[in-house]
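# I would like the atomic coordinates for the input below:
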Amino acid sequence: MLATRTRSKAAGLLLSGPSDKALLLVSCNDVHTVGMRHAIDVAFVDRLGRVVEAHRSVGPLRRLRNAKAVAVVERFASCDSPWFAKGDQVVISGRREVSR
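So this is what the prediction gives:
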């Protein structure tokens, strides 16, 4: 899923229920988990598509920022599923806008 509008980026996964889908927030380098009922995995991506920072199982009431990032990938935390690591390359294909 893709979030490009301020409203959809601000909501992030807050209004969603747990799923295996990831959300890409473009033009974003700052996320929070205020109001979240479930932990999330977060990856910060730079302008070249490289993961510059990755976090697993970020709990509620947290704020994460990375000045080098231009996008953030987030999903509901899943211990049994692989997640990004620093240095991984992210490739985006297709487009699906999340409207909220």
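# show me where the chain has strands.
Under the criterion DSSP state E, the chain contains strands at 2-3, 23-26, 30-32, 40-45, 51-58, 63-65, 71-76.
# residue farthest from the centroid of this protein?
Distance from the centre of the chain peaks at residue 80, with 17.9 Å (C-alpha atoms, centre = their mean).
# any idea how far it lies from residue 41?
Going from residue 80 to residue 41 by C-beta to C-beta, to the nearest Å gives 12 Å. No exception for glycine: its C-beta is placed from N, CA and C like everyone else's.
# rewinding a little: switch the strands of the chain over to JSON lines; also include mean neighbour count, mean pLDDT and distance to residue 84.
Output for these, formatted as JSON lines (neighbours: other C-beta atoms under 10 Å; pLDDT from 0 to 100; distance: least, C-beta to C-beta, whole Å):
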{"stretch": "strand 2-3", "mean neighbour count": "20", "mean pLDDT": "51", "distance to residue 84": "17"}
{"stretch": "strand 23-26", "mean neighbour count": "20", "mean pLDDT": "88", "distance to residue 84": "12"}
{"stretch": "strand 30-32", "mean neighbour count": "17", "mean pLDDT": "92", "distance to residue 84": "14"}
{"stretch": "strand 40-45", "mean neighbour count": "25", "mean pLDDT": "96", "distance to residue 84": "4"}
{"stretch": "strand 51-58", "mean neighbour count": "17", "mean pLDDT": "97", "distance to residue 84": "5"}
{"stretch": "strand 63-65", "mean neighbour count": "13", "mean pLDDT": "97", "distance to residue 84": "14"}
{"stretch": "strand 71-76", "mean neighbour count": "22", "mean pLDDT": "93", "distance to residue 84": "7"}
